[in-house]
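[1] For reference, the sequence and a predicted model appear below.
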Amino acid sequence: MALHSTVAAFATRSGYLCVGGVSVDVLAERVGETPFFAYDRGLLTARVLKLREVIPPEIDLGYAVKANPMSAIIHHLSGLVDHFDVASARELRAALNTTIPPSRISFAGPGKAPAELSQAVAAGVTIEIESATEARRLIGIGERLGIRPRAAIRVNPDFEVHGSGMLMGGGPQQFGVDAEQVPALLKELADAEVDVLGFHVFPGSQNLRADVLTEAQRKAVDLLLRLAEGMSSPVHYLNLGGGFGIPYFEKDTPLDLTPIGMNLAELLQTRIRVELPRARVVIELGRYIVGECGVYITRVVDRKESRGRIFLVVDGGLHHQLGASGNFGQVIRRNYPIVIGNRMDEEAAETVTIVGKLCTSLDLLGDRVRLPHTEVGDLVAIFQAGAYGLTASPTAFLSHPKPAEVLL
């Protein structure tokens, strides 16, 4: 059976999977424990360069820190991307510790606490306003601090993007200001001491269809250009979101970037530059940048048979990899790409089910997977672990320790 495209991107040596040039057996000794997350620096850099090849150079490439806020990763990316988007005060502090200037950091997300907004205003980052209440709160903070806040309005669009793994725009949403309410909010902000720079729109995430993404970008630009007519000052910032997906499952087709890049170039030259010549345009990606560079390594601690089925019990589980367990948005559970990291040169010989060490039947990492014959002590590698892995998982469940993370 052909290797999944992501698995094939990682090197192998003498039957061992390698991450960042280090074989997983040596890496496990180097980390000192299993399970752990390992991220390949070379693959991360290559992914950014791949995006640079197709996205017009006039468009800034942003990284959504929520996808993976590991300090080493965001410091590495700070030398490769143009913009960071954060979703909490903790992410904000991490971003401010990099070489990305505050003016190239945006702070999005509903329910920002007054203390978080105060930190953001004091830091000089762009706050993406999610409601009228948040806008009024921002005005008050600016007055109290004697600082003119930098802001943009996050728009909940009047259209939906079909085919996204998660809708984050269109219909009733906790995200952003409904498009039809934006003109009134702009009028309210026009007389306030707030520097309204422009707009942010993010209709959905994890989309593998280029035609759907290009249509969404066209609709987003149409909408934002229309809303820009209500601005009392020139638009300096347009964040078009992202939504680029990665292939988690066997039948998924990797996203074709070429038509997306061509579409963005056309929109930039024929629409945005004509009507909003001062606008800095941002494409904000998280999962697409970091998702495929990560692997979760966990060791087999037991092999057992129950009524004809072979179970491999590993020392990790859903408390580290909620997504791989199928409990993070999957309607029908499917397996992430899985290999035995120390048996890469062996053919599949048996069908096994891989489970974690938690006392719940939800702790399922691989259901009926065809793998080489596996024994206690072997290393299971679960791919697509670079985004929404550790930080999107219930790490406190059953009080097991957190796993290590390494960037190689």
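    Received the coordinates, thanks. Numbering: from 1, shown residues only.
[2] Tell me where the model's unsure across the stretch 151-300 of the chain.
    Where the stretch 151-300 of the chain drops to pLDDT under 70, the residues are 161-172.
[3] Now do stretch 335-354: distance from first to last residue.
    10 Å (Cα to Cα, to the nearest Å).
[4] Using the three-state scheme, assign Ala265.
    Using DSSP: H, G, I helix; E, B strand; the rest coil, the three-state assignment for Ala265 comes out as helix.
[5] residues contacting the spatially closest residue to it that is not a sequence neighbour?
    Nearest residue to Ala265, sequence neighbours excluded (Cβ to Cβ, 6 or more residues apart in numbering): Pro56, at 4.6 Å. For every residue, glycine as well, the C-beta is placed using N, CA and C. Residues counted as contacts of Pro56 (Cβ atoms under 8 Å, 6 or more residues apart in numbering) are Gly261, Leu264, Ala265, Leu268.
[6] hmm, try it at 10 Å
    Gly261, Met262, Leu264, Ala265, Glu266, Leu267, Leu268, Gln269, Val281, Ile283 (Cβ atoms under 10 Å, 6 or more residues apart in numbering).
[7] Near the fourth one, how many other residues are there?
    This points to Ala265. 16 (other Cβ atoms under 10 Å).
[8] same thing with the third one?
    Counted by other Cβ under 10 Å, the residues lying close to Leu264 total 23.
[9] Settle this for me: it is touching Leu61, isn't it.
    No - Leu264 is beyond contact range of Leu61, at 11.1 Å (criterion: Cβ atoms under 10 Å).
[10] Mutual contacts of those two, please.
    Common neighbours of Leu264 and Leu61 (Cβ under 10 Å, 6+ apart) are Ile55, Ile283.
[11] how many neighbours does Gly317 have?
    Residues near Gly317, counting by other Cβ under 10 Å, number 28.
[12] next one: Ser103
    14.
[13] Tell me which stretches of the stretch 101-250 of the chain form helices.
    Applying DSSP state H, counting those that start in this stretch to the stretch 101-250 of the chain gives helices spanning 114-123, 132-145, 182-190, 210-228.
[14] Return the list of helices and strands in contact with the third one.
    Same thing as helix 182-190. strand 126-129, helix 132-145, strand 150-156, strand 177-178, strand 195-201, helix 210-228 (3 or more Cβ pairs under 10 Å, 6 or more residues apart in numbering; DSSP states H and E).
[15] Return the residues in contact with Gly230.
    Val182, Pro183, Ala184, Leu185, Leu186, Lys187, Ala190.
[16] again, 7 Å this time
    Listed by Cβ atoms under 7 Å, 6 or more residues apart in numbering, the contact set of Gly230 reads Pro183, Leu186.
[17] cool, Pro259 as well?
    Ala210, Thr214.
[18] Would you agree it falls within a helix?
    Yes - with three-state DSSP as the criterion, Pro259 is located in a helix.
[19] Can you tell me how far it is from Glu53?
    14 Å (Cβ to Cβ, to the nearest Å).
[20] likewise Arg90?
    With Cβ to Cβ as the criterion, Arg90 and Glu53 are 33 Å apart.
[21] Equivalent analysis for His400, please.
    For His400, the distance to Glu53 - Cβ to Cβ - is 42 Å.
[22] So for those two, which sits in the more crowded spot?
    His400 (17 against 10).
[23] so that one touches His319, yeah?
    Yes - using Cβ atoms under 7 Å, His400 is in contact with His319, at 6.1 Å.
[24] Identify the contacts common to those two.
    In contact with both His400 and His319: no residue, using Cβ under 7 Å, 6+ apart.
[25] Quick check: most distant residue from the centroid of this structure.
    Computed with Cα atoms, centre = their mean, the residue of the chain farthest from its C-alpha average is Arg307, at 40.1 Å.
[26] Model confidence score at that residue, please.
    As predicted, Arg307 sits at a pLDDT of 96.
[27] Could you export the helices of the stretch 101-250 of the chain as a markdown table, including mean neighbour count and distance to Tyr288?
    Shown next, in a markdown table, are those (neighbours: other Cβ atoms under 10 Å; distance: least, Cβ to Cβ, whole Å):
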| stretch | mean neighbour count | distance to Tyr288 |
| --- | --- | --- |
| helix 114-123 | 18 | 25 |
| helix 132-145 | 17 | 28 |
| helix 182-190 | 16 | 28 |
| helix 210-228 | 20 | 11 |
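[28] With distance to Leu379 as new columns, can the ones you listed be given to me in CSV?
    Conversion of the helices of the stretch 101-250 of the chain to CSV gives the following (distance: least, Cβ to Cβ, whole Å):
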stretch, distance to Leu379
helix 114-123, 40
helix 132-145, 47
helix 182-190, 52
helix 210-228, 36
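[29] Please name whichever of those helices is nearest to Gly20.
    helix 210-228 (30.2 Å; Cβ to Cβ).
[30] and that closest one, what other elements does it pack with?
    Helix 210-228 is packed against strand 195-201, helix 258-267, with contacts defined by 3 or more Cβ pairs under 7 Å, 6 or more residues apart in numbering; DSSP states H and E.
[31] export the ones you listed to a markdown table and tack on distance to Asn207?
    What follows is the helices and strands packed on helix 210-228, written out as a markdown table (distance: least, Cβ to Cβ, whole Å):
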| stretch | distance to Asn207 |
| --- | --- |
| strand 195-201 | 14 |
| helix 258-267 | 10 |
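[32] Perfect, I'm done here.
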